[in-house]
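1. Following is a predicted model, sequence given first.
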Amino acid sequence: MTPKAQGLEHIRIEFRCAEGALRRILGVVETRGFALRSMQMGSNGDHAVMTLALAPIDPFRRAETMLRQVARLQEVESTIHLTNGPPVAEVTNVAIA
């Protein structure tokens, strides 16, 4: 297996809002070797949708493997690897108040 070019992976996760759900999802993402670069999220109180831009820590990390792990979490309803969707821009400069 050859490593792919190092770049951002874009994913979408839909989940039920529950205590600790976001922390568990992001914990799996980090544990599976991806660094969060950007996140957009919306919620109606019961359900939430988030779109993430992730950078693999090394070129052998596979987004599909990580998404299978995330999908096993109780609150997660669906996961999508956005290969041809509109990308989420990486935030390069952050203002510090």
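-> That came through, no problem.

2. From Ser38, how far out is Arg72?
-> Noted for Arg72: a distance of 24 Å to Ser38, by Cβ to Cβ, to the nearest Å. For every residue, glycine as well, the C-beta is placed using N, CA and C.

3. hey, where'd the strands end up in the protein?
-> If you assign secondary structure with DSSP state E, the strands in the chain sit at 9-16, 34-43, 47-56, 76-81.

4. one step back: quick one, which of Arg72 and Ser38 is more surrounded?
-> Taking other Cβ atoms under 10 Å, Arg72 and Ser38 do not tie; Ser38 has more neighbours (17 against 10).

5. Correct me if wrong: the more buried one contacts Met50.
-> No - proximity of Ser38 to Met50 does not meet the contact threshold set by Cβ atoms under 8 Å, at 10.5 Å.

6. Quick one: distance of stretch 66-77 to the chain centre.
-> 11 Å (Cα atoms, centre = their mean, to the nearest Å).

7. ugh, typo on my part, it should be stretch 67-79
-> 11 Å.

8. do stretch 75-84 as well
-> For stretch 75-84, the separation from the chain centroid amounts to 9 Å (computed by Cα atoms, centre = their mean).

9. what comes up buried for it?
-> Going by neighbour count (16 or more other Cβ atoms under 10 Å), the buried part of stretch 75-84 is Glu75, Val76, Thr79, Leu82.
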